[in-house]
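Novice: Fold the following for me, if possible:
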Amino acid sequence: MNSQLARALGPHRLPPRRVQRADVSVIRTTEYALHQFRPVTGWRFVLMTNKDCPDCSRVLAGVYASIFVPLIMRNPLVDPSEPIALPRFDANVDAMLRSVGADLGAAGAASAPAAASE
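Specialist: Down below sits the predicted model:
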């Protein structure tokens, strides 16, 4: 009897889980490219580069996962409604962009990404 109940209530009977994904977009003009990464948390990460720069969504995802989450999201002293004013955050983002810019070559010239919540 228990095995029949387990089969009736097993995971194959549960509705599929809806997976939320990050929103990524690139807007290119004749002068520049604007790369946006928006994780499911609602924050937006924007990077402005020259028009020839390849897609930087992985770079912005890296900033989010390896810098923003540990230094901002997990920091109870940071108020998410205030602008980010943490020198360590700025230094880490700058270092990451410089290392990625070296990998991208001349097309990698970029300004620091801006993070904003909705």
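Novice: all contacts plus neighbour counts: C-alpha atoms, from now on.
Specialist: Will do.
Novice: ok, R98 - how many residues close by?
Specialist: Using other C-alpha atoms under 10 Å, R98 has 16 other residues around it.
Novice: From the contact counts, what lies against the biggest helix by length in the chain?
Specialist: Scanning the chain for the helix with the most residues, using DSSP state H, yields helix 87-104. Helix 87-104 sits against helix 57-63, with contacts defined as 3 or more C-alpha pairs under 8 Å, 6 or more residues apart in numbering; DSSP states H and E.
Novice: got a list of contacts for the helix it packs on?
Specialist: Residues from elsewhere that reach helix 57-63 (C-alpha atoms under 8 Å, 6 or more residues apart in numbering): 24-25, 35-37, 45-47, 93, 96-97, 100, 113.
Novice: which intervals of this protein have sub-threshold pLDDT?
Specialist: Scanning the chain for pLDDT under 70 picks out 1-22, 102-118.
Novice: Let's see that with 80 instead.
Specialist: Under the criterion pLDDT under 80, the flagged ranges of the chain are 1-24, 80, 101-118.
Novice: can you pull out the strands in it?
Specialist: With DSSP state E, the ranges of strands along the chain come out as 23-28, 32-38, 44-50, 114-116.
Novice: closest one to P76 among those?
Specialist: strand 114-116 (17.6 Å; C-alpha to C-alpha).
Novice: In the sheet, which residues pair with Y32? Tell me.
Specialist: Listed by DSSP bridges, the beta-bridge partners for Y32 are N50.
Novice: contacting residues for it?
Specialist: Y32 touches 48-52, counting by C-alpha under 8 Å, 6+ apart.
Novice: can you rerun that using 7 Å?
Specialist: Y32 makes contact with 48-51 under the criterion C-alpha atoms under 7 Å, 6 or more residues apart in numbering.
Novice: Over to E31?
Specialist: The neighbourhood of E31, defined by C-alpha under 7 Å, 6+ apart, consists of 50-51.
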